[in-house]
Structure formats: structure tokens, C-alpha cells
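Engineer: Here is a sequence with its predicted model. Questions after.
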Amino acid sequence: DTIVVATKNAGKVREFAHAFGKLGLQVVSMFDYPNLPDVEEDGLTFAENARKKAKTIADALGQPVLADDSGLEVAALDGAPGVYSARYSGAGATDERNNAKLVEALSAAADKRPDAKDTLADGARLLSDARFVCALALYDPASGKYTEAEGYVAGRIIDKPRGSGGFGYDPLFWLPQYGRAMAELTTEEKQAISHRGGALQQLLGRMELASNG
Ligand code: ITT
């Protein structure tokens, strides 16, 4: 059996493939459907964007589709980059450029904030509290119904990248309770604590409830 995930993000595909693989489901992503339209992510919330991605692709394919809209909310930046996380560094944004921009934006004002005084053993500065948010939406064109879930994980932004796992802002996302950055976790470990893992767990519960009537 397969599940279609409306994403072109290779990091997300890897995480969904890992999670759904355990359930015996194979993930099909937008890399397998290169001719489908790009969905304009103009929603004001993660949930809105997730619903739009799921519905657009599900209507095009005529089958249920799961979508993920996610991002980073940084306290010292009043919640930015938020829904703009993927495009934070502008046109041609890459994970590297987004990370560089984040450290630059936070370093400038860091000296003035009491929460930016702490350092790790390697000298990295803790620049701000932050959280990852993940909104999942599964849309079934046959019923016209959405199943939705949201997950969060709290951490702190560091000014020097650590680790080579994960994707996106993971090398800059410090998890105080684990003493590691998100990019220093295996896919399995990340799944157990991440915004995406939490949202997926909740979604699976809601899907079971739905299929049980
Ligand atoms: P799709 O819309 O095709 O799924 P995208 O990369 O554009 O791919 P989003 O619009 O949801 O996805 O943007 C999410 C951005 O937030 C992503 O580019 C990352 O930079 C960041 N992000 C989301 N989840 C993350 C995670 O688990 N670890 C690190 N960064 C994450």
C-alpha cells in the first residue's frame, strides 16, 4: 500500500518514509509526480497551507493526499520566520542561506538580551528560545473531508551548526533536555520528539477514529 505526501522537500520525504514504513506503507511524493502544479503557499497559518497543499494535489490525483506545512518560530524575532521559514533568505533560498540569515538576524541583537548570554561547552551561544511547528492535513476528495493534526517541539537557537542529520534549521536547533542539536539525532530519535513525529502520532489516532466510524 502507498500513501501520497504532497511535498517536494527531501527531508520531509525521508522522515515520512521512515514513519510510514513501520506501518507497512510506502510513501509516494511530488518527486514521483513531477508534472503536478506548484501550490502557492499564501496562507496565514501552517494549517491553512497544509490544507491547501493537500486539497490541490488530492483533487488533481483523485485520491487522498497528506500534506505537511511546517516551520520555525523564534521568540526573539516575534515568531518569525514562521510560515515563511522555507523562503526566509528570499529568492533561491537554501537551508544553508536560511540558517546563515537566522544567525545573522539574532546575533545582531543578542548582546542586549538576557536569554542570549548562555553558551554551550563548545562556546556556541544560545541566541533565543524557539519552537518548530508542524501542521498535517489529510484530504480525501471522495468525502470532501480533512483530518488534521499539529505538533510542536521547543528548543533554543545556537549560533554554530551542529550535526549532519535532519534538514532545514535542525543544525541550529538546540534541545537542552537532550544535550544535542536536532541534527545530531537519528531519524528514529528525531521522530520520537519532533513536531512532525508528534503531529503524525496525533493524525494516526484521528485516522483510526475516523475509520472506526
Ligand atoms: P513542501 O511545501 O513541498 O512540503 P517546503 O520545504 O516548502 O516543502 P514548508 O513550506 O512547510 O516546506 O517549509 C518548511 C520549512 O521549515 C523548511 O524549508 C525548513 O526550513 C523548516 N522546517 C520544517 N520542518 C523542519 C524540521 O523538521 N527541521 C528543520 N527545519 C524544518
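Structural biologist: Ah, there it is.
Engineer: Mind listing the residues bridging to the residue nearest the centre of the chain?
Structural biologist: Computing the C-alpha centroid of the chain and ranking residues by Cα atoms, centre = their mean puts S70 first, at 3.8 Å. Going by DSSP bridges, S70 is paired in beta bridges with C134.
Engineer: ok, it touching S85?
Structural biologist: Yes - look at S70 against S85 with Cβ atoms under 8 Å: they come within range, at 7.4 Å. Yep, even glycine has a C-beta here, placed from its N, CA and C like the rest.
Engineer: Return the residue spatially closest to whatever residue of the chain ends up closest to the ligand, with its sequence-adjacent residues excluded.
Structural biologist: When you check the chain against the ligand by Cβ to the nearest ligand atom, the closest residue turns out to be G168, at 2.4 Å. If the residues on either side of it in the chain are set aside, G168 comes closest to D95, at 5.3 Å by Cβ to Cβ, 6 or more residues apart in numbering.
Engineer: Now do the same contact list for the one you found.
Structural biologist: Contact criterion Cβ atoms under 8 Å, 6 or more residues apart in numbering gives F167, G168, Y169 as the residues in contact with D95.
Engineer: Turn the residues you listed into JSON lines, columns for pLDDT.
Structural biologist: As requested, the contacts of D95 are arranged in JSON lines below (pLDDT from 0 to 100):
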{"residue": "F167", "pLDDT": "98"}
{"residue": "G168", "pLDDT": "98"}
{"residue": "Y169", "pLDDT": "98"}
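Engineer: Neighbour-wise, which one of those leads?
Structural biologist: Highest neighbour count within these, by other Cβ atoms under 10 Å: Y169, with 25 neighbours.
Engineer: Quick check, that residue in contact with S85.
Structural biologist: Yes - Y169 sits in contact with S85 when judged by Cβ under 8 Å, with a separation of 7.3 Å.
Engineer: what about the helices in this structure?
Structural biologist: According to DSSP state H, the chain carries its helices in the segments 10-21, 46-61, 95-110, 187-193, 195-211.
Engineer: buried residues in stretch 100-114?
Structural biologist: Applying a neighbour-count criterion of 16 or more other Cβ atoms under 10 Å, one finds L102, V103, A105, L106, A110 buried in stretch 100-114.
Engineer: Cool, thanks, signing off.
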